[in-house]
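In: After the sequence you'll find the predicted model.
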Amino acid sequence: MLTVQNLSFRYGAAPVLSEISLTVERGDIAVVLGPNGAGKTTLLKCLNRILAPASGKVSVEGRPVASMSRSELGRTFAYIPQTQPVTETTVFDAVLLGRRPHIAWRMSRKDVTMTAAILDRMGLADLSLRYLDELSGGERQKVGIARALLQEPKVLLLDEPTSNLDLRNQLEAMETVSRIAREHAMAVVVSMHDLNLALRYGTHFFFLKKGCLVENALQGALTRDMVERVYDVRVEMTMHRGTPVVLPGEPLPN
């Protein structure tokens, strides 16, 4: 589905990403992990051409992203940034905008029905007539997730989507993303800091450090040594109800 080959990016002369290669299949939830400043957000923005890579190639279903029109990009990718814009737009209208890449002339009854359904699924139905500038940061984040899911992209990109959510909403949001990804055979790429949430929902893990892809593992194959090498922190890994859990210890010596 999504293939990245030798992707590099720099701001001016400063390298940010170096020779990144990875593949994400339909229905996968690929989690990009790593310390602050590792290049996670930059990588997501390079995938859908918000940023232009210095070199390398990104393809979806064999088609180079560099050759896609803006309308084709909108049908291929949905991107959720870390923070959502604050505007005087109702929640319903903000989510309905997710249908824009699929609309020729005007919104249809189907688009309105789909919007109502995803609002209900995300637990936002009671907020549908509220304005975005009246919502908390966590509520706006859920609105962004709902809009992206309504877009029905081939590839869903989420940049720390749960950072403003409380524990219950983190789980509900990731459950919804996981379920819809499977139902619609989307490829999902999500950046996260929460290792345990990543291990609960991820199917593949890509670790960045100083702009390089230093480790990657499928679900069930992640090891303590991998985590320690990436984060320079001693950890323990245990199993709880069939899911691995990371317990942090002390920082490793420099």
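Out: Right, received. Where do you want to start? Numbering: from 1, shown residues only.
In: List the contacts of the longest helix belonging to the chain.
Out: Among all segments of the chain classified by DSSP state H, the helix with the greatest residue count is helix 167-184. The list of residues contacting helix 167-184 from outside it, by CB atoms under 8 Å, 6 or more residues apart in numbering, reads 27-29, 121-123, 138, 141-142, 145, 149, 152, 156, 158, 161-162, 165, 186-188, 190, 194, 197, 200-201. Just so you know, the C-beta spots here come from the backbone N, C-alpha and C atoms, and that holds for glycine as well.
In: Which ChimeraX command selects the buried ones in those residues?
Out: A single ChimeraX command suffices to select whichever of those are buried according to 16 or more other CB atoms under 10 Å:
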select :27,28,29,122,123,138,141,142,145,149,152,156,158,161,162,165,186,187,188,190,194,197,200,201
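In: among the contacts of helix 167-184, which are in helices?
Out: Secondary structure of the contacts of helix 167-184 is defined by DSSP H; positions in helices are 121, 138, 141, 142, 145, 149, 197, 200, 201.
In: how about the strands of the stretch 101-250 of the chain, start to end?
Out: For the stretch 101-250 of the chain, strands defined by DSSP state E, counting those that start in this stretch occupy the ranges 155-159, 187-191, 204-209, 212-218, 233-240, 243-251.
In: middle-most residue in this protein, spatially?
Out: Relative to the mean C-alpha position of the chain, the nearest C-alpha, by CA atoms, centre = their mean, is the one of residue 158, at 2.0 Å.
In: mind listing what residue 86 touches?
Out: Residue 86 is in contact with 132, 133, 140, counting by CB under 8 Å, 6+ apart.
In: Tell me if I'm right that the last one and residue 82 touch.
Out: No: Residue 140 is not in contact with residue 82 according to CB atoms under 8 Å; the separation is 11.3 Å.
In: Which one of the two is surrounded by more residues?
Out: Under the criterion of other CB atoms under 10 Å, the comparison of residue 140 against residue 82 puts residue 140 first, with 21 against 15.
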